[in-house]
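Q: When you get a sec, could you give me coordinates for this:
(one chain, ligands or ions: 1)
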Amino acid sequence: MKRRTLGQSGIKASVVGFGAWAVGGWMWGGTQEKDSIAAIHAAIDAGISLIDTAPIYGFGRSEEIVGKAIHDCRDKVVLATKCGLVWHREQGEHYFNSDEDHPRQDASQYNVYRYLGPESIREEVEMSLRRLQTDRIDLYQTHWQEGTTPIADTMATLLKLKQEGKIRAIGVSNVSVAQLDEYRKAGVIDSDQEKYSMLHRAPESDLLPYCGENNIAFLAYSPLAQGLLTGKIGPDRTFAPGDQRNNSSLFSADSRQAISQRLEKFRPIAEAHGVTPGQLAIAWNLQQAGCSHALVGARTPDQARENAGAGDLTLTPDELNVMTQE
Ligand SMILES: NC(=O)c1ccc[n+]([C@@H]2O[C@H](COP(=O)([O-])OP(=O)(O)OC[C@H]3O[C@@H](n4cnc5c(N)ncnc54)[C@H](OP(=O)(O)O)[C@@H]3O)[C@@H](O)[C@H]2O)c1
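A: This is a model prediction of the structure:
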């Protein structure tokens, strides 16, 4: 498994990371704790050191599961979590309402706000440390951005947390280049986490080159397009109630068919390397300019092992070209 440094932090993390959104269950039709912990252990055994979670994933559930899974092997893990999506305060910008299963239009159990105010971040970091059963977070990222707190105030709080040893590196997610500039005027940013896959290439126009030029790790999220790029989601696959993929146009019958036809073109490349379409998709991400890491969700040990296998795969420029053509 290749490892790359997170920006200027000196922290090296496996290029394939374990994304822990789905193991939180919320928006993914529920979770099985035993399978989730086994998946995380399989990922670590297969060479994955980077684990990414967030308080909002299952309203604390994902962090709790990750905490249990890594309790006895904390030093093998580069632990990344986030702040800024809060339901313990009604401040900042209202984002959505939700129950335990999915976001809802009406007022529900949780009113979620985007909020990056200093006091709130301090409360969030303590809650995350408790759920994760650790005394330090290796990479702390602002999850979504908001317009009510000056970025300089957010950054000042993160820098203090770093001085105190509660966090080791600072990252952002779902930002614009202008927001990244603001953060960097006030401190050091080591990573940016953005949606990026063969099916979603928006960061190529600005954020990827920006990160490449400024020594910022780029962590691609949803690199398998929530499972579609594994080639295993056929027309008959159904999803549990509360799984966001039930309502996603990406998972419509037409879209599934179009993606499966596209994956068919990659079959000779997959066969030549003895790998799966999903491994190809992850490797494609990791060989794009500026993209240093791919955060891949998994809910079973087999999935985690398969995804980790992409960390050793190198594709030729010709193969990458074939895969890049739509
Ligand atoms: N910063 C942000 O705003 C943000 C947003 C989204 C995601 N993320 C991060 O990025 C991570 C990954 O993104 P994601 O979870 O949205 O999508 P993803 O990694 O593209 O897809 C994950 C899903 O694909 C299926 N899958 C994964 N490996 C598989 C395999 N080998 N074989 C068959 N199916 C497989 C699993 O679902 P099934 O088994 O149920 O089909 C899994 O839950 C998240 O966990 C999170 O850490 C961050």
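
Q: List the buried residues in stretch 307-317.
A: Using 16 or more other Cβ atoms under 10 Å as the test for burial, stretch 307-317 gives 307, 308, 309, 310, 311, 313, 315. The way it works is simple: take the backbone N, C-alpha and C, and place the C-beta from them, glycine included.

Q: These also near the ligand: which ones?
A: Within the set of the buried residues of stretch 307-317, contact with the ligand (Cβ under 6 Å from any ligand atom) is found for residue 307.

Q: Going by distance to residue 2, which of the buried residues of stretch 307-317 wins?
A: Of all those, residue 2 sits closest to residue 311, with 5.7 Å by Cβ to Cβ.

Q: rewinding a little: so which of the buried residues of stretch 307-317 would you say is closest to the ligand?
A: residue 307 (5.2 Å; Cβ to the nearest ligand atom).

Q: Close to the ligand: what parts of the stretch 201-326 of the chain are there?
A: By Cβ under 6 Å from any ligand atom, the part of the stretch 201-326 of the chain that sits against the ligand consists of 221-227, 230, 232, 278, 295-299, 303, 306-307.

Q: Helix or strand with the lowest mean pLDDT in the protein?
A: strand 103-104 (a mean of 78; mean pLDDT, DSSP states H and E).

Q: Please report phi then psi for residue 289.
A: Per-residue torsions, residue 289: phi -60, psi 130 (degrees, to the nearest 10).

Q: Quick check: what element follows the least confident helix or strand of the chain along the chain?
A: strand 110-114 (DSSP states H and E).

Q: Convert whichever helix or strand comes after that next one to PDB, retaining C-alpha atoms only.
A: Past strand 110-114, heading to the C-terminal end, the next element that is a helix or strand (DSSP H and E) is helix 118-132. The C-alpha trace of helix 118-132 is given here as PDB (Å, rounded to 0.1, in the frame of the first residue of the first chain):
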ATOM      1  CA  PRO A 118     -15.100  28.800  18.000                       C
ATOM      2  CA  GLU A 119     -17.000  27.700  21.100                       C
ATOM      3  CA  SER A 120     -19.000  25.200  19.100                       C
ATOM      4  CA  ILE A 121     -15.800  23.700  17.600                       C
ATOM      5  CA  ARG A 122     -14.400  23.300  21.100                       C
ATOM      6  CA  GLU A 123     -17.500  21.400  22.200                       C
ATOM      7  CA  GLU A 124     -17.400  19.300  19.000                       C
ATOM      8  CA  VAL A 125     -13.800  18.300  19.400                       C
ATOM      9  CA  GLU A 126     -14.400  17.100  23.000                       C
ATOM     10  CA  MET A 127     -17.400  15.000  21.900                       C
ATOM     11  CA  SER A 128     -15.500  13.500  19.000                       C
ATOM     12  CA  LEU A 129     -12.500  12.600  21.300                       C
ATOM     13  CA  ARG A 130     -14.900  10.900  23.700                       C
ATOM     14  CA  ARG A 131     -16.700   8.900  21.000                       C
ATOM     15  CA  LEU A 132     -13.500   7.900  19.300                       C
END
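
Q: Any chance you could list what contacts helix 118-132?
A: With contacts defined as Cβ atoms under 8 Å, 6 or more residues apart in numbering, helix 118-132 is touched by 53, 55, 60, 63-64, 66-67, 70, 79, 81, 83-84, 86, 88-89, 91-92, 135-137, 140, 149, 153-154, 156-158, 161, 166-167.

Q: hmm, it in reach of the ligand?
A: No: shown here: helix 118-132 not in contact with the ligand (Cβ under 6 Å from any ligand atom), separated by at least 14.0 Å.

Q: Give the buried residues for that helix.
A: 120, 121, 124, 125, 128, 129, 131, 132.

Q: hang on, the earlier thing: format the buried residues of stretch 307-317 as TSV; extra columns: distance to residue 204 and secondary structure.
A: Shown next, in TSV, are the buried residues of stretch 307-317 (distance: Cβ to Cβ, whole Å; DSSP: H, G, I helix; E, B strand; the rest coil):
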residue	distance to residue 204	secondary structure
307	23	helix
308	25	helix
309	25	helix
310	20	helix
311	22	helix
313	21	coil
315	17	coil
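
Q: chain center to the least confident helix or strand of the chain, what's the gap?
A: For strand 103-104, the distance from its own C-alpha centre to the chain's C-alpha centre is 21 Å (Cα atoms, centre = their mean, to the nearest Å).
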